[in-house]
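[1] show me the folded form of this:
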Amino acid sequence: MQLQLRNIELESTILPREVKTISYQVRPTSRGVYAFERCHAMVQRLGLFERKFTLNEPLRLACYPSFIQMRKYQLLATTDRLVELGIKRIRKIGATLEFDHIREYVRGDEYRHLNWKATAKHKKLLVNQYQEEKSQPIYALIDTGRVMRMPFNGLTLLDYAINSTLVLANAAILKQDRAGMLTFSKTVSDHIPAEKRNNQMQLISEKLYNVTTDFEESEFGNLYAFCNKHINKRSLLMLYTNFETIDALSRQMAYLRMLAKTHIVVVVVFKNTELIDMAKEEGQRTIDVYNQIIAQKFVYEKHQVIQELHRQGIQTIYTSPENLTINAINKYLEIKARGLL
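    Below is the predicted model:
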């Protein structure tokens, strides 16, 4: 899809040796690269004759994903109003802490943090001071295979995954973690190592704005081999994909289990809300009953997929596409609070 204006004419009067700029506005409807090809201009002189000029200066412009959700999260995070966005307040369970320094004991300090060796050496109570562990790697693994082409409210599942990745990466960087991403189908591409530098969000946006899906089945074996080689530190891997059937999951389960041995893997499974609504409808005609039974079968298979992932110890996000971003951030905060990384 390209930006093209074919139904309007732009007219202007230009004096001899005058330079004039004619402006118009267009609104892109999806992310990607938009090409402006050759421009045709008809110049009329004295109302008697006209001449056609063709300007051979094609232009390509990048249209980036929407930053509205990301900016909204950033604003509410700085004003401590994330509950308005649907972000849950999660009580910290245990602690994921790293050593900072040794200091003198003061009343109220936890006894388990007492440093007995330093206490014996200095003949006064000393405790270890800890701080919450930061700079933990957070990766978004985005499936660009055919399962992500499914449309929903004008966007594909891939579009929802990209929007969620931008918000999640920004949230991780705000919490002093390191954000990275990669896309995969037959092979792995668009890899950005997890970092928290100032231009990290710009790098991620540059990689994601022109990502498209293909009609091939994704190779999770290649994904595992790449992660095993390039992601060495234990990381949170947010896997954006969509298993429609238990058979599709079974073909990839071995690779997911191997990933889960060294990383925290969270698999996103999308709800098909149209099928759920169809499964609940009371059929009046025979064809309606058939459609209801088929819809119930697919809904049941989705629940089987979730149960099998849980049985294998792999965390999941079962969500409708429009709620993906909020649920992904909630899962990230939950994992941080539970100290699983």
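
[2] for the rest of this, base every contact and every neighbour count on C-alpha atoms.
    Fine.

[3] hmm, who's touching whichever helix or strand I192 is part of?
    Taking DSSP states H and E as the criterion, I192 maps to strand 188-195. Here strand 188-195 makes contact (C-alpha atoms under 8 Å, 6 or more residues apart in numbering) with 137-139, 177-183, 203-204, 207, 222-223, 226.

[4] for stretch 256-268, the averaged confidence score.
    Mean per-residue pLDDT for stretch 256-268: 94.

[5] where is the longest helix in this protein?
    If you go by DSSP state H, the chain has its longest helix at helix 286-311.

[6] downstream of the strand holding I192, the next helix or strand is which one?
    Toward the C-terminus from strand 188-195 - assigned by DSSP H and E - lies helix 200-208.

[7] against which helices or strands is that next one packed?
    helix 157-174, strand 178-184, strand 188-195 (3 or more C-alpha pairs under 8 Å, 6 or more residues apart in numbering; DSSP states H and E).

[8] any buried residues in stretch 113-127, and which?
    L114, N115, A118, L125, L126, V127 (16 or more other C-alpha atoms under 10 Å).

[9] contacts only, for the fourth one.
    Neighbouring residues of L125 by C-alpha under 8 Å, 6+ apart: E104, Y105, L114, N115, W116, T119.

[10] among those, which lie within strands?
    E104 (DSSP state E).

[11] closest one of the contacts of L125 to N291?
    L114 (65.6 Å; C-alpha to C-alpha).

[12] please name the bridge partners of that closest one.
    Residues in a beta bridge with L114, per DSSP bridges, are V127.

[13] ok, it touching K124?
    No. In this structure, L114 is not within contact of K124 by C-alpha atoms under 8 Å, at 10.7 Å.

[14] kindly indicate which of the contacts of strand 188-195 lies nearest L61.
    K207 (14.6 Å).

[15] count of residues packed around the closest residue to that closest one other than its chain neighbours?
    Leaving aside its chain neighbours, K207 sits nearest to D190 (6.1 Å; criterion: C-alpha to C-alpha, 6 or more residues apart in numbering). Per other C-alpha atoms under 10 Å, the neighbour tally for D190 reads 15.

[16] ditto for M278
    That count, for M278 with other C-alpha under 10 Å as the rule, works out to 18.

[17] which one is it nearest to, not counting chain neighbours?
    Per C-alpha to C-alpha, 6+ apart, closest to M278 is Q292, 5.8 Å.

[18] so what's the one you found up against?
    Per C-alpha under 8 Å, 6+ apart, neighbours of Q292: M278, A279, K280, E281, E282, G283.

[19] quick one: buried ones out of the residues you listed?
    Using 16+ other C-alpha under 10 Å, the buried ones in those are M278, A279.

[20] okay, the contacts of Q292 in TSV with distance to L158 next?
    Converted to TSV, the contacts of Q292 look like this (distance: C-alpha to C-alpha, whole Å):
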residue	distance to L158
M278	24
A279	25
K280	27
E281	29
E282	32
G283	33
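
[21] what's the closest of the contacts of Q292 to A260?
    A279 (33.5 Å).

[22] the closest one and T212: what is the separation?
    31 Å (C-alpha to C-alpha, to the nearest Å).

[23] helices along this protein, start to end?
    68-78, 116-122, 157-174, 200-208, 220-230, 246-262, 273-280, 286-311, 324-338.

[24] could you chop this protein up by domain?
    1-63, 68-89+135-338, 102-132 (automatic domain parsing).

[25] picking up where we left off before, ok, the contacts of strand 188-195 vs R31, which is closest?
    K207 (11.9 Å).

[26] that closest one and S12, how far apart?
    For K207, the distance to S12 - C-alpha to C-alpha - is 40 Å.

[27] when those two are compared, which one has more neighbours?
    Using other C-alpha under 10 Å, the more surrounded residue of K207 and S12 is K207, with 17 against 9.

[28] so where's the stretch 101-250 of the chain shaky on pLDDT?
    For the stretch 101-250 of the chain, applying pLDDT under 70 flags the ranges 108, 130-134.
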